[in-house]
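Undergrad: Sequence first, predicted model second:
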Amino acid sequence: MKNPWLPLVAEGYNCFACAPSNPHGLKMEFWEDGDDVVSLWHPSPDYEGWLGTLHGGIQSTLIDEIGGWWIGRKLQTSAMTTNLNVKFRKPVPSSPDTTIELRCRMKEQKRAFVIMEVTLSIEGQVYTLAELTYYCFSKETAINDFRFQPFELEEE
């Protein structure tokens, strides 16, 4: 998916999770896979909690960010996280040789609230599971108050 915020780099776009120019950021990228949004990410010892282990706060950031991108792409609006329930099942290695797959899918929608499930997996094994609830803003509010940009796909 195209990063819709890149034209705003000169205006201060510096998201910790997805800005490619943030020197301390996670530099996440995203793809569509049917109804899911997916991100592949390589950890670093810079983001450790315990020795050799990815910090739980970084895991939560990865999870929250992919949920926001799901909303942006699939619903074409902005949203606010209202609940983030994370279950850490196993320690996630912080080695750059590790490829983490994050996968986000919608479970249900109730009016302006969207409930999603995100898995953080390594080689097909789930290490962390989360349920997220987002409050979705109207498209008018997203554009006028949050400078929402359409989420489009890269040309192949």
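TA: Yep, that arrived. Residues are numbered from 1 along each chain as shown.
Undergrad: Where does pLDDT dip in the protein?
TA: 8-10, 155-156 (pLDDT under 70).
Undergrad: OK, contacts around Ser90?
TA: One thing to correct before we go on: residue 90 is Lys, not Ser. Lys90 makes contacts with Gln125, Tyr127, Thr128, as judged by CB atoms under 8 Å, 6 or more residues apart in numbering. For glycine as for every other residue, the C-beta is placed from the backbone atoms N, C-alpha and C.
Undergrad: The last one in helix, strand or coil?
TA: Yep, that's Thr128 we're talking about. strand (DSSP: H, G, I helix; E, B strand; the rest coil).
Undergrad: picking up where we left off before, just the contacts of Lys90 now: which is nearest Met106?
TA: Ranked by distance to Met106 (CB to CB), the contacts of Lys90 are led by Thr128 at 18.6 Å.
Undergrad: what residues are up against that closest one?
TA: Applying CB under 8 Å, 6+ apart, we find Thr128 in contact with Gln59, Ile63, Val86, Lys87, Phe88, Arg89, Lys90, Val92, Thr119, Leu120.
Undergrad: The residue nearest in space to the middle of the chain: which element?
TA: Closest residue to the average C-alpha location of the chain: Ile66 at 1.8 Å, with CA atoms, centre = their mean. Using DSSP states H and E, the element containing Ile66 is helix 56-70.
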